[in-house]
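>>> A structural model of the following input is requested.
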Amino acid sequence: METIKGTLFLYSETGTEGGYWAIQDENFIKPPSDDWPHEQWSYDGLFCLEDGDRLKIFNPDGTIRWEGEIELKHRKGEKLAGQVGVSPHDWAVPFFKEYHGELTKKSK
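This is a model prediction of the structure:
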């Protein structure tokens with residue numbers, strides 16, 4: 001199984017009805033250049049988290065913040081699913097702050 005290393009974020013665009021927890025594969029992130037002062041991300045490197053995937057989240061200092069199997073659950077009144085057993089705030093922080101992560105997709 002391949003492990004995807006990259007940046008965690010909330011993927012949201014028109015029609016996603018709230019968004020998805022996702023990771024952008026570091027192999028599909030172009031650094032800023034003289035022509036474009038921001039990183040460029042490709043849809044080819046976009047992976048949304050799904051139940052059964054395995055995720056490892058790293059703190060900015062490189063220590064492991066959380067790791068385990070993804071089991072998302074919608075909480076009453078929320079459009080965005082959260083990880084079972086993790087407070088909504090604690091789950092959202094590494095995605096909104098774009099921490100580093102490693103994702104292993106579930107076997108098909």
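
>>> for the chain, which spans come out with low pLDDT?
For the chain, the stretches flagged by pLDDT under 70 are 16, 108.

>>> which ones are touching Phe9?
Ala22, Ile23, Gln24, Phe95, Phe96, Glu98 (C-beta atoms under 8 Å, 6 or more residues apart in numbering). C-beta: built from backbone N, CA, C; applies to glycine.

>>> one more: Gln83?
Gln83 neighbours (C-beta under 8 Å, 6+ apart): Ile70, Glu71, Leu72, Lys73, Trp91.

>>> kindly report the same for Gly101.
Lys5, Gly6, Thr7, Leu8, Ile23, Leu55, Lys56, Ile57, Phe58, Pro94.

>>> now with 6 Å, please.
Leu8, Ile23, Ile57 (C-beta atoms under 6 Å, 6 or more residues apart in numbering).

>>> where does it land in three-state SS?
Secondary structure, DSSP: H, G, I helix; E, B strand; the rest coil: Gly101 is strand.

>>> what of Ser33?
From three-state DSSP, the assignment for Ser33 is coil.

>>> how about it, phi and psi?
The phi/psi pair for Ser33 (degrees, to the nearest 10) reads phi -140, psi 180.

>>> what about it, neighbour count?
Counted with other C-beta atoms under 10 Å, residues neighbouring Ser33 total 10.

>>> how much space separates it from Glu2?
28 Å (C-beta to C-beta, to the nearest Å).

>>> again, but for Thr14
30 Å.

>>> are any of the contacts of Phe9 buried, and which?
The neighbour-count test (16 or more other C-beta atoms under 10 Å) marks Ala22, Ile23, Gln24, Phe95 as buried among the contacts of Phe9.

>>> tell me which of those is nearest to Leu103?
Ile23 (4.9 Å; C-beta to C-beta).

>>> direction included, what does the helix or strand where the closest one lies pair up with?
In this assignment (DSSP states H and E), Ile23 forms part of strand 20-25. Here strand 20-25 is paired, per DSSP bridges, with strand 3-11 (antiparallel), strand 46-48 (antiparallel).
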